[in-house]
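> sequence plus the predicted model coming up.
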Amino acid sequence: MAAMNIESILDRHSREAHRLVQILRETQDALGWLAPESLTAIAEGLDIPRAQVESTAGFYSFFHTRPLGDYRILFSDNITDRMLGNQDLMRTLCEKLWLEPGRVAEDGLVSVDATSCTGMCDQGPALLANYRTITRLTPARIDEMAHLIRRRVQVGDWPPEWFHVEDNIRRRDVLLDHGLAPGEALAAALDRGPTGLLGEIERSALRGRGGAGFGSDIKWRSCRDAWGDAHYVICNADEGEPGTFKDRVLLSSYFDMVVDGMCIAGFAIGASKGFIYLRGEYRYLLDRLETRLAQRREAGLLGRNILGRGFTFDIEIHLGAGAYICGEESALIESLEGKPGKPRIRPPFPVTHGYLGQPTTVNNVETLALAALIAVKGGEWFRAIGTPASTGTKLLSVSGDVARPGIYEFPFGVTVAEVLEAAGATDTQAVTTAGAAGSCLAANEFGRRIAFEDVPTGGSIMVFDQSRDMFEAARNFAHFFAHESCGFCTPCRVGTAVNARLMDKLALDRGSPYDLDEMEKMHHLMQGASHCGLGNTATIALRDILAKFRPAFDRRLHSPDYEPGFDLDAALSQARRMTGRDDAGAHLTDNLSAHAGGHPSEAKP
Amino acid sequence: MTNSFLLDGEEVPFTPGQTVMQAASAAGKYIPHLCWHPDFAAHGSCKLCTVKIGGRFATACTTRAAAGQEVENGTEELIAKRRTLLQLLFVEGNHFCPSCEKSGNCVLQATAYEMGMLSPHFDHFYPDRAVDASHPDVLLDFNRCIMCELCVRASRDVDGKNVFALSGRGAKSHLIVNSESGRLADTDFAATDRAAEVCPVGVILRKRVGFAVPIGQRDYDAKPISQKAVEKLADSEKEAG
Amino acid sequence: MSSETQGADVKPRKLKVATVSLAGCFGCHMSFLDIDERILPLLELVEFDRSPITDIKHCGPCDIGLIEGGVCNAENVHVLREFRANCKVLIALGACAVNGGLPAQRNHLELADILQQVYRTGHGLADGSQIPSDPELPLPLNQVHAVHEVVRIDYFLPGCPPSGDAIWAFLTQLIEGKEPTLGHGLLHYD
Ligand SMILES: Cc1cc2nc3c(=O)[nH]c(=O)nc-3n(C[C@H](O)[C@H](O)[C@H](O)COP(=O)(O)O)c2cc1C
Ligand code: SF4
Ligand code: SF4
Ligand code: SF4
Ligand code: FES
Ligand code: FES
């Protein structure tokens, strides 16, 4: 039965090894988990080494090589989820189901764990139930969920309103108010011809919305000019940055603009094939998007001979499986090729050596949608919006302590204060402007502008009011990176783990200035020595918060000198239990008290 | 100035296509490295070879040499960085050198000596990774793996076997072998494989030869790795040519 | 390695040195004594406080403390803290102090299982053998730790044991007020 399932999955994917991530997901869907013999069967079916299959299966958070229950509940654990009380909800669910977080119930029925931001920050707390998104959790929902699980009701039969995801669009500008019909932008691009189109993109000064702000015309031109057997367009819909959810909304409600944009990119660079790399957390969108692609093929807006104009371009959707690093373009391509998402050595860059070694352009969802808009309206028009160095508008995903969380489309150059005002933020203490990976602004900086030249952002705006403990935000980010580091390079693999440990040490009130110096040291190591953008940015928010919200850290420093990272008294627990002792000698006090009268550190003989 | 760059102010010639590491090694200059090996494609993961080129950090093993580059290698800043990287590797695994058969022949250890590493500095992770003694001729002690993938490359590219791979992610990364049981004995690995001798640390160990070489005569007893590495390369080039 | 660098006419106050072996094998102390006749010029410069060499039981204010061995039980913690509180400069001496060494190789086992095995279920135990619970005995920690994981350590001198030469070189540099380094041949982890 298992074997038959796997055979049909393999056949459906033409036994192509680079479809391994998709094959593993479907196998897990069918069989519940990825058993050793399943991995062997897949390896044999694809004629690749088994170790390669296990390597990929072991990399992604959403694949399990051990059984994790018929119900797998993953609480979104972004700081915004925490601010909305997800930890209490998770504890409640665990209690009701008689289990510990991270452990499978003894009867194998269910497991409950945490996962990185699921992109529902505007309607959290959220969770994934067997990888289907549930939003706006309440104690009542958790209560009912426990009942449904115990009664073994299939997730598909849970109350449909739980799965409802709102767009929450709060401010529209040129993109969200585009008023174009599906294919209209594509037709305009075909009219312009590749050269004319590239000229408009150049005139628009469009810069990538995925974070780095790379000039789209340069990317497309160098890809077009690169020699290869085939060219590829990839739409980066991995949207993993904590606090970002604008691509979700574009895919949900502006998908035709995105598809038009992909076709246009394909037309510009000479590609006939495109991929959408959709993050595993957005799996609920998959069927809907597939359906829309099929409709467009029917309507002559995708596939062979588009619009009867002789242009052929088709799109395939690949689903990720829980790995933030797969948003990095070369890791994304590795994942598309069926491998663990570890960033490649660059150069060469994807524009010359991308998917299957061929010239590939990777663009963010929003960049592609904007390219569609530019194809119709022209580069000059676009360039008139925003600032000279940051043209056009930017979609901002605003969440946290605001009255109206959701999507705000603003021209570049808008101040942080204006965004806060629009979202109904009061008494704001801090704003993170690039998720976990960028700077954190304090109140005296709210006059700064959202723009590549001032406050660059991929669109994640998380707002913290005065009641929030910024230390907890920093700690959440530190754990995020420790969980999401791909593990390829030493500084990031071990450095993120060291930072997470240090932050936990502080959280347990075991900190000293020594620990803060250690984090500073780790920042200097990881910046510059790390292999990719993840490691290079993993300490920025942490360091920013430490610098600007120092009292939140100082509160946790219980010794001026040095504190051990572990609880010494707890370290005697097993011996106490085994000997039955509980006398004074069977305990250790904290270093702090024992240390009074110790010499300061500067003395040297 | 054609086809040469400056390494700590000294001119190093290169042939087009060479990396900074390749050119420096060929010129008898030592740039610290763990995951680089002259016989294999660069991997770029350990970051020990981090140098500064034109003021920016870069890995010497993956960066193409270019005419006129100014490369910093032996500065205190870079040595301190490398020392920290080594310390991270030491606490991430279990490195109890006195009871390790690789001691004295270990690239990690010798590089740490070279960089003057006196302590692991950080709190130890003390991971718990079971040893695999299933194979008749070779033992795997995963506790010392530094994820350099040299064994992966050797088995795949030279032996044509794919015995090894890394799985897991982040701090949970770990070496796996190509069998359903997870045991080395159930793979087609042989002690004569190139992968059997390429591990820079004490993970892939031949059985029954441990501690055979007396202290004083091991690879890095007589000379530090900065000399030894360069000599080794010169020898292998003599053999090849 | 010179011992003559100390000026002859200015006679500085002798430095007070304390030493202790925690979870170690006394190998490092043996090695210390192995500096042989150099102990004499050393004694010109230092005098010993608490040390296995002197039999003083508690460490008083000292300039240098040398710690051999890792931290495996509650008593080790107390002694180590006493040293930290009293020594201006604390040195981790030897592999066990530096990373837990051989004793730390029990760290992948559960302490409870070890105690059970050693005192209750192991071979050759008398009938009714119990885990000792005398309050006089220090309780073992769940894991063995390097000394720098329990108190701040100023310097590390690795080796199992570090050679007499290494200890000599290290201490003389330190006493001369230099940042101690160990060159090729002296720096060893084994
Ligand atoms: C760790 C990491 C995560 C990233 N995640 C994303 C992402 O989720 N979406 C995205 O569009 N770009 C992401 N990027 C940036 C991509 O590598 C790439 O620059 C981008 O997709 C290019 O598209 P653009 O030119 O349209 O911005 C990430 C980069 C790094 C280093
Ligand atoms: S920096 Fe981090 S995420 Fe990037 S390659 Fe290194 S380990 Fe992987
Ligand atoms: S692998 Fe090298 S560094 Fe690690 S214990 Fe063995 S000799 Fe020491
Ligand atoms: S086993 Fe050895 S060669 Fe293989 S990855 Fe680990 S350290 Fe490198
Ligand atoms: S030697 Fe260059 S990164 Fe390892
Ligand atoms: S006690 Fe000195 S080396 Fe272990």
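Sure thing, it's come through. Ligands and ions are numbered 1, 2, ... in the order given.
> give me the element the spatially most central residue of chain B is part of.
Compute the mean C-alpha point of chain B, and by C-alpha atoms, centre = their mean the closest residue is B:Leu34, 2.5 Å away. Of the helices and strands defined by DSSP states H and E, none includes B:Leu34.
> list the contacts for it?
B:Cys46, B:Leu48, B:Leu89, B:Val107, B:Leu108, B:Thr111, B:Ile146, B:Cys148, B:Pro200 (C-beta atoms under 8 Å, 6 or more residues apart in numbering or on different chains). Glycine gets a C-beta too; all of them are placed from N, C-alpha and C.
> skipping adjacent residues, who's closest to it in space?
B:Cys46 (4.0 Å; C-beta to C-beta, 6 or more residues apart in numbering or on different chains).
> got the domain ranges for chain A?
Domain assignment for chain A by automatic domain parsing gives A:2-57, A:71-166, A:170-383, A:393-468, A:471-554, A:569-602.
> low-confidence stretches in the stretch 451-600 of chain A?
For the stretch 451-600 of chain A, the stretches with pLDDT under 70 are A:590-600.
> again with chain C
Within chain C, the segments meeting pLDDT under 70 span C:1-12.
> distance check, the residue of it positioned farthest from its centre against ligand 4.
Distance from the C-alpha centroid of chain C peaks at C:Asp127, with 37.5 Å (C-alpha atoms, centre = their mean). Distance, C:Asp127 to ligand 4, using C-beta to the nearest ligand atom, to the nearest Å: 47 Å.
> ok, back up a step: let me know the closest of the contacts of B:Leu34 to C:Pro161.
B:Leu108 (21.1 Å; C-beta to C-beta).
> which of the contacts of B:Leu34 ranks first by neighbour count?
Sorting the contacts of B:Leu34 by how many neighbours each has (other C-beta atoms under 10 Å in any protein chain shown) puts B:Cys46 first, at 29 neighbours.
> helix, strand, or coil at that residue?
When classified by DSSP: H, G, I helix; E, B strand; the rest coil, B:Cys46 comes out as coil.
> relative to B:Ala23, which of the domains of chain A is closest?
Among those, if distance is taken as C-beta to C-beta, the winner is domain A:170-383, at 17.4 Å.
> that closest one and ligand 1 in contact?
Yes. Domain A:170-383 reaches ligand 1 (C-beta under 6 Å from any ligand atom) through A:208-212, A:214, A:236, A:238-241, A:325, A:327-329, A:362-364, A:367.
> narrow those to just the buried residues.
Those of the residues of domain A:170-383 next to ligand 1 that meet the buried threshold are A:208-211, A:214, A:236, A:238-241, A:325, A:327-329, A:362-364, A:367, by 16 or more other C-beta atoms under 10 Å in any protein chain shown.
> show me these that map onto helices.
Within those, residues falling in helices by DSSP state H are A:Glu329, A:Thr367.
> what about A:Val463, which helix or strand?
Assessed by DSSP H and E, A:Val463 sits inside strand A:460-465.
> quick one: is that strand near ligand 1?
No. Applying C-beta under 6 Å from any ligand atom, one finds strand A:460-465 out of contact with ligand 1, separated by at least 10.1 Å.
> could you point out which element follows that strand?
helix A:470-484.
> the helix or strand that comes right after that following helix vs chain C: in contact?
Downstream of helix A:470-484, the first helix or strand assigned by DSSP H and E is helix A:490-507. No. Using C-beta under 8 Å from any C-beta of the partner chain, helix A:490-507 stays clear of chain C, with a minimum separation of 11.2 Å.
> list the contacts of the spatially most central residue of chain C.
In chain C, the centroid-proximal residue (C-alpha atoms, centre = their mean) is C:Glu68; its distance is 1.5 Å. Residues near C:Glu68 by C-beta under 8 Å, 6+ apart: C:19-22, C:24, C:26-29, C:93-94, C:96-97.
> check those residues for burial and list the buried ones.
C:Thr19, C:Val20, C:Ser21, C:Leu22, C:Gly24, C:Gly27, C:Cys28, C:His29, C:Leu93, C:Gly94, C:Cys96, C:Ala97.
> the residue lying closest to the fifth one once chain neighbours are set aside: neighbouring residues, count only.
Which is C:Gly24. Closest residue to C:Gly24 apart from its sequence neighbours, by C-beta to C-beta, 6+ apart: C:Gly69 at 2.6 Å. Counted with other C-beta under 10 Å, residues neighbouring C:Gly69 total 30.
> check chain A for the residue nearest ligand 5 and tell me.
Using C-beta to the nearest ligand atom, the single residue of chain A nearest to ligand 5 is A:Cys489, 7.6 Å away.
> can you tell me the closest non-neighbouring residue to that residue?
Of all residues not flanking A:Cys489 in the chain, A:His531 sits nearest, at 3.9 Å (C-beta to C-beta, 6+ apart).
> residue contacts, that neighbour?
Under the criterion of C-beta under 8 Å, 6+ apart, the contact list for A:His531 reads A:Pro343, A:Phe488, A:Cys489, A:Cys492, B:Gly44, B:Ser45, B:Lys47.
> which ones are touching the last one?
Residues touching B:Lys47, when contacts are defined by C-beta under 8 Å, 6+ apart, comprise A:Cys489, A:Thr490, A:Pro491, A:Ala529, A:Ser530, A:His531, B:Thr59, B:Leu85.
> ok, now which ones touch the second one?
Spelled out, it's A:Thr490. B:Ser45, B:Cys46, B:Lys47, B:Leu48, B:Leu85, B:Leu88, B:Leu89, B:Ile146, B:Met147.
> repeat that for 6 Å
When contacts are counted by C-beta atoms under 6 Å, 6 or more residues apart in numbering or on different chains, A:Thr490 touches B:Cys46, B:Lys47, B:Leu85, B:Leu88.
> ok, so of the residues you listed, who is nearest A:Ser76?
A:Ser76 has its nearest neighbour among the contacts of A:Thr490 in B:Leu88, at 30.1 Å by C-beta to C-beta.
> that closest one against A:Arg493, yeah?
No. Because the distance of 8.2 Å does not satisfy C-beta atoms under 6 Å, B:Leu88 is recorded as not touching A:Arg493.
> if I look at A:Cys492, how far off is ligand 4?
The gap separating A:Cys492 from ligand 4 is 17 Å, by C-beta to the nearest ligand atom.
> kindly tell me how buried that residue is, as a neighbour count.
For A:Cys492, the neighbour count with other C-beta under 10 Å is 29.
> for it, which non-adjacent residue is spatially closest?
Nearest in space to A:Cys492, with sequence neighbours left out and distances taken as C-beta to C-beta, 6+ apart, is A:Gly535 at 3.1 Å.
> so which strand or helix has the one you found?
In this assignment (DSSP H and E), A:Gly535 forms part of helix A:533-537.
> show the subsequent helix or strand relative to that helix.
helix A:540-548.
> and that following helix, how far out from the chain's middle?
When distances are taken as C-alpha atoms, centre = their mean, to the nearest Å, helix A:540-548 is centred 21 Å away from the chain's centroid.
> next one: it, is it in contact with ligand 2?
No. Residues of helix A:540-548 are not located near ligand 2 by C-beta under 6 Å from any ligand atom, the shortest gap being 13.1 Å.
> right, is that helix up against ligand 1?
No. Using C-beta under 6 Å from any ligand atom, helix A:540-548 stays clear of ligand 1, coming no nearer than 12.2 Å.
> got a list of contacts for the helix or strand that that helix is followed by?
Once the chain leaves helix A:540-548, the next helix or strand it forms, by DSSP H and E, is helix A:550-554. Here helix A:550-554 makes contact (C-beta under 6 Å, 6+ apart) with A:Asp469, A:Met470, A:Phe471, A:Leu546.
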